[in-house]
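> Structure of the sequence below:
(4 chains)
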4 protein chains.
Amino acid sequence: MYSYEADKQEILTRLRRMEGQLRGIQRMVEENKYCVDVLTQLSSIIAAAHRVGEIVLQDHIQGCVKNALSQDENSETAIQELMEAIRRFGRA
Amino acid sequence: MYSYEADKQEILTRLRRMEGQLRGIQRMVEENKYCVDVLTQLSSIIAAAHRVGEIVLQDHIQGCVKNALSQDENSETAIQELMEAIRRFGRA
Amino acid sequence: MYSYEADKQEILTRLRRMEGQLRGIQRMVEENKYCVDVLTQLSSIIAAAHRVGEIVLQDHIQGCVKNALSQDENSETAIQELMEAIRRFGRA
Amino acid sequence: MYSYEADKQEILTRLRRMEGQLRGIQRMVEENKYCVDVLTQLSSIIAAAHRVGEIVLQDHIQGCVKNALSQDENSETAIQELMEAIRRFGRA
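Got it, this is the predicted structure:
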């Protein structure tokens, strides 16, 4: 089961863009760029990862969680799992 | 100016490992893996980016910021820049 | 509509404890306590607010959101609102 | 040693305002207000605590840390302590 079919291309595009950013940071470090500029690019990658995560999380709630809750089947497990994902994600 | 010379190899190793993780997440999405597992891997990338950022930040404080403060030259600018980096980074 | 009836006493107890901590921080500042100790207490208040928020959020999902999704009534609104709460909360 | 003398009144004013907000949240919970509104107020308290922390942190860097670094006395300890405070604070 997965719920992000409709956003799959957007998610993959964002992940590929993050890969490009990450290679950019490697180049910056190899070329001894200024620490604060490296930190700014790392913040930008983290923000991008949060954005992708929000898309996956929203799809998950609208798909998997909604199914579990509406069928009242495994709904307790679905909510526990969702809370853990939110917690892990919020603290990451 | 940059302050992470001593940790350069460790930083690059961590960034390359993150690139591997990022490609792993792309594969997971292509293969329609479960949303929560994708979220877990994204949390792991975010944690890894925070860890690299902490190394760069600590080196920056021990190097660039320490120099600016001890020479009392540009120390105001160095502190403002540091505070912005911490803020941006803490919120990312 | 609210969903935290069962946890109401625990939530109130935690909020009152936070109020005590907050007054403790005021005293520390009035008595010129060391900056890092003030910061540690502020981190502790933030962690406590996150913990209360997690309880309210879990109750909200198990109550209000579950109702909306299972009746497929206002389910779109409920999910949008939940996503905004998670975003605001994760970034706070 | 403490470094927030110049901002002491502002810090105390902000802490008292947070105490007022916290009592407001207690009232909301006692009156069974909507979960999402309670969460919004909790986010607002967290943001306020971060703002106070940023003031204390900036004063600490400009005062205690600057002193330690410029005298190159306990500078290693000052930086370790600062990094821990940033880490604890960023994750809180």
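
> same for the longest helix out of those in chain A, what does it pack against?
Ordering each helix of chain A by length in residues (DSSP state H) puts helix A:35-60 first. When contacts are defined as 3 or more CB pairs under 8 Å, 6 or more residues apart in numbering or on different chains; DSSP states H and E, helix A:35-60 sits against helix A:8-30, helix A:75-91, helix B:35-60, helix B:75-91, helix C:75-91. C-beta: built from backbone N, CA, C; applies to glycine.

> how about those, which one is nearest residue D:49?
Across those, residue D:49 has its closest neighbour in helix B:75-91 (12.3 Å, CB to CB).

> Next up, the contacts around residue A:58.
Taking CB atoms under 8 Å, 6 or more residues apart in numbering or on different chains, we find residue A:58 in contact with C:79, C:83.

> how close does it sit to residue B:44?
Distance check for residue A:58 against residue B:44: by CB to CB, to the nearest Å, it reads 20 Å.

> One more: residue A:82?
For residue A:82 relative to residue B:44 (CB to CB), the value is 18 Å.

> and those two? which has more neighbours close in?
Set side by side, residue A:82 and residue B:44 show more neighbours around residue A:82, with 27 against 17, by other CB atoms under 10 Å in any protein chain shown.

> Pull the contacting residues for the more buried one.
If you count contacts by CB under 8 Å, 6+ apart, then residue A:82 has A:60-61, A:65, B:36, C:61 around it.

> hang on, the earlier thing: just the buried residues of the longest helix of chain A, please?
Across helix A:35-60, burial judged by 16 or more other CB atoms under 10 Å in any protein chain shown covers A:35-36, A:38-46, A:48-50, A:52-54, A:56-60.

> can you list the weak-confidence ranges in chain A?
Where chain A drops to pLDDT under 70, the residues are A:91-92.

> One more pass at 80, please.
A:70-73, A:90-92 (pLDDT under 80).

> center of chain A - which residue?
residue A:53 (2.2 Å; CA atoms, centre = their mean).

> Wait, that residue touches residue A:89, no?
Yes - here residue A:53 lies in contact with residue A:89, judged by CB atoms under 8 Å, at a distance of 5.6 Å.

> from the contacts of residue A:82, which two are the most distant?
Within the contacts of residue A:82, two members stand farthest from each other by CB to CB: B:36 and C:61, at 14.6 Å.

> Distance-wise, check residue A:38 relative to chain C.
With the distance defined as CB to the nearest CB, to the nearest Å, residue A:38 ends up 23 Å from chain C.

> ugh, typo on my part, it should be residue A:66
Summarising the geometry, the distance separating residue A:66 from chain C, computed by CB to the nearest CB, is 5 Å.

> ok so, going back, give the contact list for the residue nearest to the centre of chain A.
With CB under 8 Å, 6+ apart as the criterion, the residues that contact residue A:53 are A:89, B:39, B:42-43, B:46.

> deepest of the helices and strands packed on helix A:35-60, which one?
For these, the largest average neighbour count (mean count of other CB atoms under 10 Å in any protein chain shown) is found in helix B:35-60, namely a mean of 21.

> possible to save the helices and strands packed on helix A:35-60 as a markdown table with distance to residue C:15?
Compiled in a markdown table, the helices and strands packed on helix A:35-60 are given as follows (distance: least, CB to CB, whole Å):
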| stretch | distance to residue C:15 |
| --- | --- |
| helix A:8-30 | 38 |
| helix A:75-91 | 20 |
| helix B:35-60 | 28 |
| helix B:75-91 | 25 |
| helix C:75-91 | 16 |
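
> Any idea which of these gets closest to residue B:15?
Within the helices and strands packed on helix A:35-60, the stretch nearest residue B:15 is helix A:8-30; the backing value is 4.9 Å (CB to CB).

> which other helices and strands contact the closest one?
If you count contacts as 3+ CB pairs under 8 Å, 6+ apart, helix A:8-30 packs onto helix A:35-60, helix B:8-30.

> Report the backbone C-alpha coordinates of that helix in CSV.
Backbone C-alpha positions of helix A:8-30 (Å, rounded to 0.1, in the frame of the first residue of the first chain) are rendered in CSV as follows:
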residue,chain,number,x,y,z
LYS,A,8,5.0,10.6,-7.7
GLN,A,9,6.5,12.6,-10.5
GLU,A,10,6.6,15.8,-8.4
ILE,A,11,8.2,13.9,-5.5
LEU,A,12,10.9,12.3,-7.8
THR,A,13,11.6,15.7,-9.4
ARG,A,14,12.1,17.3,-6.0
LEU,A,15,14.4,14.4,-4.9
ARG,A,16,16.5,14.7,-8.0
ARG,A,17,16.8,18.5,-7.5
MET,A,18,17.9,17.7,-3.9
GLU,A,19,20.6,15.4,-5.3
GLY,A,20,21.8,18.2,-7.5
GLN,A,21,22.0,20.5,-4.5
LEU,A,22,23.8,17.9,-2.5
ARG,A,23,26.5,17.6,-5.2
GLY,A,24,26.7,21.4,-5.2
ILE,A,25,27.5,21.3,-1.5
GLN,A,26,30.2,18.7,-2.1
ARG,A,27,31.8,21.0,-4.7
MET,A,28,31.6,23.9,-2.3
VAL,A,29,33.4,22.0,0.5
GLU,A,30,36.0,20.7,-2.0
